[in-house]
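S.K.: my questions concern the predicted model and sequence given below.
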Amino acid sequence: MGSKGREIIGMDVDELLNLLRRAFSDEWLAYYQYWLGAKVVKGPMKDAVGAELLQHATEELLHADMVAMRIIQLGGTPVTKPEEWYKLTNCGYDAPDDPNVKTILNQNIKGEQCAIGVYKRLMDITKDADPVTYNMVLQILQQEVEHEEDLQALLEDLELMIEAVRK
Ligand code: FE
Ligand code: FE
Ligand code: MG
């Protein structure tokens, strides 16, 4: 990377690269979990839920893009083998084997809550050390917070609908 750009980083760049490679792995797994979830989801409100899941998939892929660009800028290499994603991930992968809309929503809410924790920690670590990464992480965190809220709102609608039908 540019020498002055590296000089302003007040932390160990290799340590930062390791954290970014882990976040990068999370984003690809989140992308795939959403993308497949959008295809297989079944049950009430599946169209609304599927559309939201697909939108989130697109946004997770954009996060992977942002993190990859920063890794390269820092002189690192994004994870080159998908099998490494499993070894590096913070948040794991919840296979959408059960297509029930409520199960899928809960799996992805859990994933977003994990992502929020990961990016909050990355913000704390980079706060005074690396303003460029900090700014990127903030942008991603804002979207993860939005994702959690979107899914919890859908789950709430779904539960109200089921309750109304029972009455
Ligand atoms: Fe993301
Ligand atoms: Fe997300
Ligand atoms: Mg959304």
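M.R.: Received, thanks. Numbering: from 1, shown residues only. Ligands and ions are numbered 1, 2, ... in the order given.
S.K.: just the helices in the chain please.
M.R.: With DSSP state H as the criterion, the chain has helices at 3-7, 13-40, 46-73, 82-88, 101-126, 131-166.
S.K.: closest to residue 95 out of the ones you listed?
M.R.: Nearest to residue 95 among the helices of the chain is helix 13-40; the distance by C-beta to C-beta comes to 7.7 Å. (Glycine included, C-beta is placed from N, CA and C.)
S.K.: who does the closest one touch, helix- and strand-wise?
M.R.: Using 3 or more C-beta pairs under 8 Å, 6 or more residues apart in numbering; DSSP states H and E as the contact test, the elements touching helix 13-40 are helix 46-73, helix 82-88, helix 101-126.
S.K.: circling back: need the helices of the chain in TSV (columns: mean pLDDT).
M.R.: Formatted as TSV, the helices of the chain follow (pLDDT from 0 to 100):
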stretch	mean pLDDT
helix 3-7	86
helix 13-40	98
helix 46-73	98
helix 82-88	98
helix 101-126	98
helix 131-166	96
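S.K.: quick one: which of those helices is nearest ligand 2?
M.R.: Closest to ligand 2 of these, according to C-beta to the ion: helix 131-166, at 3.7 Å.
S.K.: the closest one versus helix 13-40: what angle between them?
M.R.: The directions of helix 131-166 and helix 13-40 differ by 30 degrees, with axes from the mean of the first three to the mean of the last three C-alpha atoms, to 10 degrees as the criterion.
S.K.: what comes up buried for helix 131-166?
M.R.: The neighbour-count check on helix 131-166 (16 or more other C-beta atoms under 10 Å) flags 133-134, 136-137, 140-141, 143-144, 147-148, 150-151, 154-155, 158 as buried.
S.K.: give me the subset of these touching ligand 2.
M.R.: Among the buried residues of helix 131-166, proximity to ligand 2 is found for 144, 147 (C-beta under 5 Å from the ion).
S.K.: so which residues on the chain come close to ligand 1?
M.R.: Counting by C-beta under 5 Å from the ion, the residues of the chain near ligand 1 are 27, 60, 63.
S.K.: which one of the residues you listed is nearest residue 78?
M.R.: residue 27 (10.3 Å).
S.K.: what residue lies at the spatial centre of this structure?
M.R.: Nearest to the mean C-alpha position of the chain, counting by C-alpha atoms, centre = their mean, stands residue 27 at 4.7 Å.
S.K.: name the nearest residue to that residue, ignoring sequence neighbours.
M.R.: Once flanking residues are discounted, residue 27 sits nearest to residue 64: 3.9 Å by C-beta to C-beta, 6 or more residues apart in numbering.
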